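1. Structure for this input, please:
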Amino acid sequence: MSIRDLRAQGTSGISEGRFVRKVLKEQGGDILSAQEKRMSRFTSPDWFEKRGMKADDSRLTITELKKHRYIDMKTRNTRHGKKKKKNYPIYNKIMFGHLNNIVRELSYGYTEEVVQEMKKLED
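-> All right, here's what the predicted structure looks like:
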């Protein structure tokens, strides 16, 4: 392999990483806004404070408080058995819905047009 081939391969990897990071940031933002939209019906704004999102080249990390996860549950176990409670689908339904969008975008969205757009950003 010549140096020119190695440089072309490296540029391709860089633009691919930028594309992945862009998709993860967009979908992470969509997840947070969808959760805020659903949570605004029954919570105060202080529930949104300690939530966050971080996107790397290969990972999307969304931080939630434990109380956000428990709102999603339909039942809870007590000493007297299982009790039904009011649930609000703010976590699993939204996460897995957007997971399909992420997979679809990463699988089919990296086209030649996107490669050219990413190369324009490098210049």
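2. quick check: mean pLDDT across the longest helix along the chain?
-> Determined from DSSP state H, the single longest helix within the chain is helix 3-39. Helix 3-39 shows a mean pLDDT of 78 in the predicted model.
3. do the same with stretch 73-87
-> For stretch 73-87, the per-residue pLDDT averages 83.
4. Check the offset of it from the chain's centre.
-> 29 Å (CA atoms, centre = their mean, to the nearest Å).
5. Show me the contact partners of that stretch.
-> Contacts to stretch 73-87, defined as CB atoms under 8 Å, 6 or more residues apart in numbering, come from residues Ile71, Asp72. In this view, the C-beta of every residue, glycine as well, is placed from N, C-alpha and C.
6. what about it, how long is it end to end?
-> End-to-end distance of stretch 73-87 (CA to CA, to the nearest Å): 6 Å.
7. What's the separation between the most centrally placed residue in the chain and Lys74?
-> By CA atoms, centre = their mean, the chain has its centre lying nearest to Gly28, at 3.2 Å. Remark: distance between Gly28 and Lys74 (CB to CB, to the nearest Å) = 26 Å.
8. secondary structure class for Ile73?
-> Not quite, residue 73 is Met, not Ile. Under DSSP: H, G, I helix; E, B strand; the rest coil, the three-state class of Met73 is coil.
9. Distance check, it against Phe42.
-> 15 Å.
10. who are the neighbours in contact with the residue lying closest to the residue nearest to the centre of the chain once chain neighbours are set aside?
-> Spatial nearest neighbour of Gly28, excluding adjacent residues (CB to CB, 6 or more residues apart in numbering): Met53 at 4.1 Å. For Met53, the contacting residues are Lys25, Gly28, Gly29, Ile31, Leu32, Leu60, Thr61, Ile62, Thr63, by CB under 8 Å, 6+ apart.
11. rerun that using 7 Å as the cut-off
-> Residues in contact with Met53, defined by CB atoms under 7 Å, 6 or more residues apart in numbering, are Gly28, Gly29, Leu32, Ile62.
12. if I look at the second one, how far off is Gln116?
-> Looking back up the chat, that one is Gly29. 25 Å.
13. I'd assumed Ile90 was in contact with Arg38.
-> Yes - using CB atoms under 7 Å, Arg38 is in contact with Ile90, at 4.9 Å.
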